[in-house]
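>>> here is my input; please provide its structure:
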Amino acid sequence: MPSMICLLVFRNIFNGQFGPLNQFLLESGLVSQRIPFLTDPTLAKLTVLGVNLWLGFGASMIMISGVLSNMDPSMYEAAKIDGATVWKEFRYITFPMLLKVTMPLLVMNFAGNFNNFGAVFFLTEGGPANPNYQFAGDTDILISWIYKLTLDNQMYSMAAVMSILIFIVVGSVAYWNFKRTTAFKEA
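Numbering: from 1, shown residues only. Okay, the predicted model is just below:
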């Protein structure tokens, strides 16, 4: 299912007025009043974080499962012969092999979440509004704030500067991390 559709479904599930989660909690007696999942600043941030984790978990799990299922069993046999404990097998064999895949995956997730406009826009539209932030809501990330600066407030110069800064930060972190890993080096 496309993530946009999932986000809209989650927006309805967590709706403070008619959402099925609130309805279930009220009818089961777990709460006495509706919970403002998307309108309370703290709950909105936690809701966006939780939904974003749920959406990204599948791809990461497939990558990690693929690495774990293709690990050479002879390495573990040699470690057992050498007297390695389960912890040492994990620390010196499994974990380093996982890092070869997970480090680029973490960089991709970092860059993707820096620009994860959909999760914020389709769940909360950056809200609830916060008068202390300059045109940004409590759940806005940089990319959704740039969207608001550009389309809602016509502050093109500030939006352009923010976009360049995002590129510099994400590009620098990605370059540094890819240089550190051996994921793209030929054997």
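>>> so what does the lowest-mean-pLDDT helix or strand in the chain touch, helix or strand wise?
Within the chain, judged by mean pLDDT, DSSP states H and E, the helix or strand with the poorest mean is helix 95-114; its value is a mean of 80. Taking 3 or more C-beta pairs under 8 Å, 6 or more residues apart in numbering; DSSP states H and E as the contact definition, the neighbouring helices and strands of helix 95-114 are helix 41-69, helix 156-180. For glycine as for every other residue, the C-beta is placed from the backbone atoms N, C-alpha and C.
>>> could you give the angle of the last one to helix 95-114?
Spelled out, it's helix 156-180. Between the axes of helix 156-180 and helix 95-114, defined by axes from the mean of the first three to the mean of the last three C-alpha atoms, to 10 degrees, the angle is 170 degrees.
>>> buried set for helix 156-180?
If you call a residue buried by 16 or more other C-beta atoms under 10 Å, then helix 156-180 has these buried ones: Ala159, Met162, Ile166, Val170, Asn177.
>>> which among those residues gets closest to Pro96?
Asn177 (15.8 Å; C-beta to C-beta).
>>> test my guess that the closest one contacts Leu99.
No. Using C-beta atoms under 8 Å, Asn177 is not in contact with Leu99; the gap is 11.0 Å.
>>> quick one: end-to-end length of stretch 135-151, please.
Its first and final residues considered, stretch 135-151 spans 11 Å by C-alpha to C-alpha, to the nearest Å.
>>> contacts for stretch 25-38 next, please.
Stretch 25-38 is contacted by residues 11, 14-17, 19, 21-22, 43-44, 47, 123-124, 127 when judged by C-beta atoms under 8 Å, 6 or more residues apart in numbering.
>>> neighbours around the nearest residue to Val51 once chain neighbours are set aside, how many?
Leaving aside its sequence neighbours, Val51 sits nearest to Phe10 (C-beta to C-beta, 6 or more residues apart in numbering; 4.8 Å). Here the number of neighbours of Phe10 (other C-beta atoms under 10 Å) works out to 24.
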